[in-house]
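Student: I would like the atomic coordinates for the input below:
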Amino acid sequence: MTRELESLGVAVELERLRRSVDVGFATTRGDLALLLQRADQADKALDEHEQRLDRLERSRWPLPSVAALTSCAALGVALWQARGL
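Tutor: Numbering: from 1, shown residues only. Next up is the predicted model:
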């Protein structure tokens, strides 16, 4: 009789442990799903920012080219004025 009660107690404790492990796994799965969703949202936001940055880079003024043309024009005007005097 005592052995049956002990084995029944062991079975009950094993079931409790199993339930605890199942709950822990379910919680872990939920946390991982949330992290995956947040990572996907971060990836989408990063892609959107990269697209915006690409559009801004394409529409900006080519300042080095404008500076080179301006300096060449200034040099040309300076030479023209020096030759004209």
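
Student: Show me the shaky parts of this protein.
Tutor: Along the chain, segments meeting pLDDT under 70 span 1, 85.

Student: just the helices in this protein please.
Tutor: 2-59, 63-84 (DSSP state H).

Student: how about JSON lines for these, with mean neighbour count added?
Tutor: (C-beta placed from N, C-alpha, C; glycine too.) Below are the helices of the chain laid out as JSON lines (neighbours: other CB atoms under 10 Å):
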{"stretch": "helix 2-59", "mean neighbour count": "10"}
{"stretch": "helix 63-84", "mean neighbour count": "9"}
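
Student: give me phi/psi at W61?
Tutor: Dihedral angles phi and psi of W61 (degrees, to the nearest 10) take the values phi -70, psi 140.

Student: And it, how far from A39?
Tutor: 37 Å (CB to CB, to the nearest Å).

Student: got it, and E15?
Tutor: For E15 relative to A39 (CB to CB), the value is 36 Å.
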